[in-house]
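Asks: I would like to see how this sequence folds:
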Amino acid sequence: MNAEQFLSLIQREKREIEQELIKRRPWHNAAVDLLAAIMRREDAKYFMESPVKMVASYSTVVRSPMWLSKVHTKLHAYEYSEPHAFLRDMRLIFENCYLFHDAPNGSKELIKAAAVLEIEFEHQAVAARLDEAANTTEIRKLWVNLDKNLRTKASQTIMMRYNESVASIKNEATRKRLLLFLKDHMHSKGGVRSEGATSRLPPPRAARDSAHIDDNGHVEFHEAPVEKLPQNEHRYTVDFVPMRSAEAQDDDEDPYED
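Replies: Residues are numbered from 1 along each chain as shown. Have a look, this model is predicted:
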């Protein structure tokens with residue numbers, strides 16, 4: 001056995017040891033169960049195979065494609081050394097769907113399917129202790145200090161995606177994305193990011209004025225004319241969602257209640 005063969009043998013044994021250690025970690029079994037539950041859902045059929053093979057222009061818009069069968073292969077090959085790597089790839093599937101389809105010629109059906117699947121995934125990830133629940137107290141604190149135009153962008157791109165008829169924060173997917181958005185923009189001074197800055201959120205689809213939280217913790221939205229959107233966002237389709245009555249808003253539970 002020469003030196004090259006010996007080195008290859010050592011590297012192979014090292015990988016086998018690492019895989020065995022990962023296999024014995026409690027989070028790995030929890031991740032396997034979570035992925036299996038997600039893949040059994042009806043909406044998962046849209047995200048099972050590589051979208052690059054099905055849509056010619058996909059790779060020109062999405063730089064890091066990800067799909068469920070690929071996550072399944074990586075998970076069972078013990079390529080994830082820690083749970084956050086698994087969670088990151090799962091979230092990338094939904095992220096890519098919103099990025100590609102949240103456009104005038106995009107598929108609203110796939111956006112809805114991704115939102116439904118993401119809500120279930122985030123809920124189960126917290127239940128399986130693969131991730132912590134979003135801190136609602138921190139969300140309140142950051143929201144109050146957020147720039148008015150950024151509040152509009154947050155309400156357009158996050159809150160209304162997951163529940164277009166109720167202006168509230170009632171699921172883990174909404175909370176996680178809103179908290180991420182707030183942390184990314186907590187030091188921002190302008191209404192939108194500067195040209196060339198990357199955003200983790202797709203362009204908005206509904207025109208709304210700034211949302212605010214009242215003394216009872218409810219998130220309220222106010223309709224606004226299209227011209228209040230930043231100039232670089234005028235090119236997107238605008239869909240108005242009717243406001244609810246005051247009586248309906250009074251009946252709402254605390255939107256931040258876990």
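Asks: which other residues reach the helix or strand containing C97?
Replies: Using DSSP states H and E, C97 sits within helix 83-101. With CB atoms under 8 Å, 6 or more residues apart in numbering as the test, helix 83-101 has contacts from 27, 30-31, 35, 38, 47, 51, 55, 58, 61-62, 64-68, 70-71, 74-75, 80, 106-108, 110-111, 114-115, 117-118, 121, 125, 130-131, 161, 200-202. All C-beta atoms are positioned from the backbone trio N, CA, C, and that covers glycine.
Asks: just the buried members of these?
Replies: Buried by 16 or more other CB atoms under 10 Å: 27, 30-31, 35, 38, 47, 51, 62, 65-68, 71, 75, 80, 106, 110-111, 114-115, 117-118, 121, 125, 130-131, 161, 201-202, out of these.
Asks: ok, back up a step: now could you export just the CA positions of the helix or strand just after the helix holding C97 as PDB?
Replies: Next along the chain after helix 83-101, taking DSSP H and E as the criterion, comes helix 108-127. Taking C-alpha atoms only, helix 108-127 is exported to PDB below (Å, rounded to 0.1, in the frame of the first residue of the first chain):
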ATOM      1  CA  LYS A 108     -49.700  31.900  -7.200                       C
ATOM      2  CA  GLU A 109     -50.600  28.200  -6.700                       C
ATOM      3  CA  LEU A 110     -47.000  27.400  -6.000                       C
ATOM      4  CA  ILE A 111     -46.500  30.400  -3.700                       C
ATOM      5  CA  LYS A 112     -49.600  29.300  -1.700                       C
ATOM      6  CA  ALA A 113     -48.400  25.700  -1.600                       C
ATOM      7  CA  ALA A 114     -44.900  26.800  -0.300                       C
ATOM      8  CA  ALA A 115     -46.500  29.000   2.400                       C
ATOM      9  CA  VAL A 116     -48.700  26.100   3.600                       C
ATOM     10  CA  LEU A 117     -45.700  23.700   3.700                       C
ATOM     11  CA  GLU A 118     -43.400  26.300   5.300                       C
ATOM     12  CA  ILE A 119     -45.900  26.900   8.100                       C
ATOM     13  CA  GLU A 120     -46.100  23.200   8.900                       C
ATOM     14  CA  PHE A 121     -42.400  22.800   8.700                       C
ATOM     15  CA  GLU A 122     -41.600  25.700  11.100                       C
ATOM     16  CA  HIS A 123     -44.200  24.500  13.500                       C
ATOM     17  CA  GLN A 124     -42.800  20.900  13.500                       C
ATOM     18  CA  ALA A 125     -39.200  22.100  13.700                       C
ATOM     19  CA  VAL A 126     -39.900  23.900  17.000                       C
ATOM     20  CA  ALA A 127     -42.000  20.900  18.300                       C
END
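Asks: now the next helix or strand after helix 108-127: buried residues?
Replies: Beyond helix 108-127 on the C-terminal side, the first helix or strand identified by DSSP H and E is helix 136-144. By 16+ other CB under 10 Å, the buried positions in helix 136-144 come out as T136, I139, L142, W143.
Asks: for helix 136-144, give the mean pLDDT please.
Replies: Averaging pLDDT along helix 136-144 gives 89.
Asks: need the contact list for the nearest residue to E82 once chain neighbours are set aside.
Replies: Leaving aside its sequence neighbours, E82 sits nearest to W27 (CB to CB, 6 or more residues apart in numbering; 7.7 Å). The neighbourhood of W27, defined by CB under 8 Å, 6+ apart, consists of E82, P83, R129, L130.
Asks: fine by me, thanks again.
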